[in-house]
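Q: output the structure for:
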Amino acid sequence: MKITKSMSTARKAKSAAGPLLAVDGDSFAHRAYHGLPKTIRMRGGKAGGAIVGFANYLIRFVTEFHPRAVIVGWDTLEVPTYRHRAFPAYQSGRHFDREILEQLRLLPDFVTACGFAIGKAPGYEADDFLAAAAASEERRKGMVIVASGDRDTFQLASERTTIVYPEKAGVLARIDPAEVVARYRVLPEQVPDFIALRGDPSDKLPGAKGVGAIGAAGLLLQYGTLERALKDGKFAGQADALRLYRRIATMDSKAPLPPLRNQTPKWAEAAELARDWELNALAERLEKLAEA
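A: So this is what the prediction gives:
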């Protein structure tokens, strides 16, 4: 995969200690599931493409960025979050194939076998753990790489946090604050306001009536925040709904984190697990990493 460079902080991230790497597990598992042949099978003839594809992403990130530690965030699909309770239409209509669900249950075991941390708890989404990890690492003056295919994570971009975002043809774009402005004409901290105004079809957030991306960016350029626009009388009939959309679009940086001490990848243990699953090509790749 080719990686485009669009930021100065990417160079800073390669400090002596290495950055903290925070990965959206669900995002890359789904991308792998839909991007690789369904003929990839593991023990018992079960689907293994999402596991192999996710593992390839994870290996790529670790070998590219040399992180001091890795945390992979996961959704808890069986338990609704406050977002679902506050807005029942949130993410409604989504259907996941049984085979991806089976692999999502196994993937945290693979991450643990690699020696990396897991972020998963009832009531939280994978994104929340990315936000919490980034906030925690920034407080200790460290650098952060957030890997996600969800553009909501652009709100985390800062001088210390870079978003690695997959685009077409295997390209991974690096998103810093300047790139957020170039793409959306808003600052990273304005992204939740922007989503609330523009809407987000993938999450079933309708946004403000008659306001698209250009209108949302223009309003934020004028007012700075959604709240200031509302206090000026804009969208009087939709104020409560728009505040709710903004809350939904804001990642929860208080999600409970495991300890994020420095880690050494345990590629040999991950290879053993891949062998047990009869994902032999993946096991061979991991074994070579362990030998190196």
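Q: and the residue nearest to Pro188 when sequence neighbours are not counted, how many neighbours does it have?
A: Excluding the flanking residues, the one nearest Pro188 by Cβ to Cβ, 6 or more residues apart in numbering is Ala157, at 4.3 Å. For every residue, glycine as well, the C-beta is placed using N, CA and C. Neighbourhood size, Ala157 [other Cβ atoms under 10 Å]: 27.
Q: ok, Phe54 next?
A: Neighbour tally, Phe54, other Cβ under 10 Å: 27.
Q: residues in contact with it?
A: Counting by Cβ atoms under 8 Å, 6 or more residues apart in numbering, Phe54 touches Gly25, Phe28, Ala29, Ala32, Leu107, Phe110.
Q: just Arg68 next, same as before
A: Contacts of Arg68 (Cβ under 8 Å, 6+ apart): Ala17, Gly18, Pro19, Leu20, Gly142, Asn262, Gln263.
Q: test my guess that the fifth one contacts Leu20.
A: Going back to what we said before, that points to Gly142. Yes - the pair Gly142 / Leu20 is scored as a contact, 5.8 Å apart, by Cβ atoms under 8 Å.
Q: show me how far stretch 260-268 is from its chain's centre.
A: Centroid separation for stretch 260-268 versus its chain: 20 Å, with Cα atoms, centre = their mean, to the nearest Å.
Q: tell me the mean pLDDT for that stretch?
A: Averaging pLDDT along stretch 260-268 gives 97.
Q: span of that stretch from start to end?
A: With Cα to Cα, to the nearest Å as the measure, stretch 260-268 spans 21 Å from end to end.
Q: and what of stretch 118-125?
A: 12 Å.
Q: who has more neighbours out of Gly142 and Leu20?
A: Between Gly142 and Leu20, counted using other Cβ under 10 Å, the more crowded position is Leu20 (29 against 20).
Q: do you know how far that one is from Met143?
A: To Met143, Leu20 is 7 Å away according to Cβ to Cβ, to the nearest Å.
Q: which neighbours do those two share?
A: Taking Cβ under 8 Å, 6+ apart as the criterion, Leu20 and Met143 both touch Glu137.
Q: number of residues surrounding Asn280?
A: Counted with other Cβ under 10 Å, Asn280 comes out at 12.
Q: nearest spatial neighbour of it, skipping sequence neighbours?
A: With Cβ to Cβ, 6+ apart as the criterion, Asn280 has its nearest non-adjacent residue at 7.6 Å, and that residue is Ala274.
Q: for Gly123, same thing?
A: That would be Thr81: by Cβ to Cβ, 6+ apart, it lies 5.3 Å from Gly123.
Q: ok, that neighbour touching Glu125?
A: Yes - between Thr81 and Glu125 there is a contact under Cβ under 8 Å: 5.9 Å.
Q: neighbour count winner among these two?
A: Glu125 (26 against 18).
Q: so who does the residue nearest to that one when sequence neighbours are not counted touch?
A: Nearest residue to Glu125 in three dimensions, chain neighbours excluded: Asp75, at 5.2 Å (Cβ to Cβ, 6+ apart). For Asp75, the contacting residues are Asp26, Lys120, Glu125, Ala126, by Cβ under 8 Å, 6+ apart.
Q: can I get the buried part of these as one ChimeraX selection?
A: Typed into ChimeraX, the line below selects the buried ones among those, using 16 or more other Cβ atoms under 10 Å:
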select :26,120,125,126
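Q: any chance of the contacts of Asp75 in TSV, with distance to Arg185, secondary structure and pLDDT too?
A: Output for those, formatted as TSV (distance: Cβ to Cβ, whole Å; DSSP: H, G, I helix; E, B strand; the rest coil; pLDDT from 0 to 100):
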residue	distance to Arg185	secondary structure	pLDDT
Asp26	29	helix	96
Lys120	35	coil	97
Glu125	26	coil	96
Ala126	27	helix	97
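Q: cool, thanks, talk later.
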